[in-house]
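**Student:** the sequence and its predicted three-dimensional model are supplied below.
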Amino acid sequence: MKTFVFRLYPNKEQRRRLSACLYESRQLYNEMLESEKQHYQDSGKFLGKYGLATLFKGRSTAHVPASTVQCLADRLDKALKAFLARRNEGQGFPRFKSGNQWHSIQLRQLTGRRDAWLDGRYLYVPAKLGKAIKIKRHREMEGTPKTGYLVRRADGHWYAHIVCELPAQADPSHPADDRPSVGVDVGLKVFLADSDGNTVENPRFFRTSQAALRRKQRRLSARVKGSRRRRRAARSVALTYLKIDRQRRDFHFKTAKRYADAYKIIVVEDLNIAGLARSVLSKSILDASWGAFLTILTDKAGSAGGQVIRISPHFTTQDCSQCGELVQKSLSVRTHICPSCGYVADRDVNAAKNILRAGAPPSGTLADGLAVELRSHPL
């Protein structure tokens, strides 16, 4: 599955209908959640997707189509299942949604018995949402459109997220079969270092915008709740966060594509990012957003006929990549100096070489097979 994002250009009446649907669908979702909580107190069980759809059948309004009501039941059911599956890990119970937590309208189907479809320069949606909305398809889509979402972002613009099912690839091989392997070590001083000795600077998008955010948030806190000036200040803060997110995402995609095109096997550490984010470096770790980058890198590598291998991160920094000697060093020590063989290298580059050795075959081809045991301590 792959999601394509396109800008929508609704007229004034369509914009009014979409905003009304967003508001009323949030109210329905909160009613569904209240019904689930009450039913669980009475019976010890949840209603489930079909029970909710039956209970709220006919609850569509002047701006909420019947298909959207079914999507809301499915959305709440998924949230409850996620809670039940991970409540022992600290997963919270689904909460009632406020206005600034509700930004999307789901379109049930864009294929088969569809209630929405694309035709040229228009996205056709149920009449309650505006019928034909102008869309700018700046790129060709791949695969078959299955479903979609209408999303309003902090800049006030509407976007269509079209989810497409990609055809199965019989031969995922890349034309350049002789592409080498590489080890990649993500960090904070530099965003990443690879086993070839290359580094990518850490842009620190949140840090660079932190002063502007501080000023805007102070201005927001001084405004009277419910006033027009407070809403304006809140939108200014949201726009800054949106800009940071877009900068970070653009950087991740460009960096991931460069590595996916150049290397066939990319070996990375299987980091416990949630655990690391609870340290004193949490702000910097979340700003770098390693998890999002590694997800994008995996997708890009697969599209280019490559593969991302994740290995255990233990000892990748402490071991010497040349002789295997254990050289202990604190985070403040940025240069690896081996007392046994005399090898000197950047700390992160040395770690990247250990990562490559642990996860990829020496020749860098899949024909040699992968490491029998995924480990970071060299033999």
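**Tutor:** Perfect, thanks for sending it.

**Student:** wasn't Leu76 part of a helix?
**Tutor:** Yes. The assignment for Leu76 (DSSP: H, G, I helix; E, B strand; the rest coil) places it in a helix.

**Student:** so Cys71 touches Gln106, yeah?
**Tutor:** Yes. Between Cys71 and Gln106 there is a contact under C-beta atoms under 8 Å: 4.0 Å. All C-beta atoms are positioned from the backbone trio N, CA, C, and that covers glycine.

**Student:** what are the boundaries of the strands in the stretch 1-150 of the chain?
**Tutor:** Ranges of strands in the stretch 1-150 of the chain, per DSSP state E, counting those that start in this stretch, are 2-9, 104-107, 117-119, 122-124, 132-136, 144-152.

**Student:** which residues does the first one contact?
**Tutor:** Which is strand 2-9. Residues from elsewhere that reach strand 2-9 (C-beta atoms under 8 Å, 6 or more residues apart in numbering): 123, 133-139, 141-143, 150, 157-164, 166.

**Student:** if you average the pLDDT over stretch 229-237, what comes out?
**Tutor:** The average pLDDT for stretch 229-237 rounds to 92.

**Student:** in that stretch, what counts as buried?
**Tutor:** For stretch 229-237, the neighbour count (16 or more other C-beta atoms under 10 Å) marks Arg230, Ala233, Ala234, Ser236, Val237 as buried.

**Student:** how about a markdown table for those, with distance to Leu18 and secondary structure added?
**Tutor:** Putting the buried residues of stretch 229-237 into a markdown table (distance: C-beta to C-beta, whole Å; DSSP: H, G, I helix; E, B strand; the rest coil) gives the following:
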| residue | distance to Leu18 | secondary structure |
| --- | --- | --- |
| Arg230 | 24 | helix |
| Ala233 | 24 | helix |
| Ala234 | 20 | helix |
| Ser236 | 23 | helix |
| Val237 | 23 | helix |
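
**Student:** out of the residues you listed, flag the one nearest to Leu192.
**Tutor:** Taking C-beta to C-beta as the measure, Leu192 lies nearest Val237 of the buried residues of stretch 229-237, at 30.2 Å.

**Student:** once you drop chain neighbours, what's closest to the closest one?
**Tutor:** Lys216 (4.9 Å; C-beta to C-beta, 6 or more residues apart in numbering).

**Student:** and the pLDDT at that neighbour?
**Tutor:** 94.

**Student:** stretch 129-144: end-to-end distance?
**Tutor:** 23 Å (C-alpha to C-alpha, to the nearest Å).

**Student:** one more: stretch 123-130?
**Tutor:** Stretch 123-130 has its terminal residues 10 Å apart, counting by C-alpha to C-alpha.

**Student:** average pLDDT for that stretch?
**Tutor:** The model assigns stretch 123-130 a mean pLDDT of 89.

**Student:** buried ones in that stretch, by neighbour count?
**Tutor:** Going by 16+ other C-beta under 10 Å, stretch 123-130 has these buried residues: Leu123, Tyr124, Val125, Pro126, Lys128, Leu129, Gly130.

**Student:** closest to Gln322 out of these?
**Tutor:** For the buried residues of stretch 123-130, the residue nearest Gln322 by C-beta to C-beta is Leu123; the value is 57.6 Å.

**Student:** helices of the chain, residue ranges please.
**Tutor:** For the chain, applying DSSP state H gives helices covering 12-43, 48-55, 66-86, 205-222, 228-262, 273-276, 282-288, 290-303, 347-359.

**Student:** just name the most buried of those helices.
**Tutor:** Greatest average neighbour count among the helices of the chain goes to helix 347-359 (a mean of 26), per mean count of other C-beta atoms under 10 Å.

**Student:** packing partners of it?
**Tutor:** strand 181-186, strand 190-194, strand 265-269, strand 307-311, strand 335-337 (3 or more C-beta pairs under 8 Å, 6 or more residues apart in numbering; DSSP states H and E).

**Student:** if I look at Pro203, how far off is Val182?
**Tutor:** Between Pro203 and Val182 the computed distance is 21 Å (C-beta to C-beta, to the nearest Å).

**Student:** now do Phe251
**Tutor:** For Phe251, the distance to Val182 (C-beta to C-beta) stands at 19 Å.

**Student:** ok, now Ser330?
**Tutor:** From Ser330 over to Val182 the distance is 27 Å, taken as C-beta to C-beta.

**Student:** looking at the two, which is more packed in?
**Tutor:** More crowded of Ser330 and Val182, by other C-beta atoms under 10 Å: Val182, with 23 against 5.
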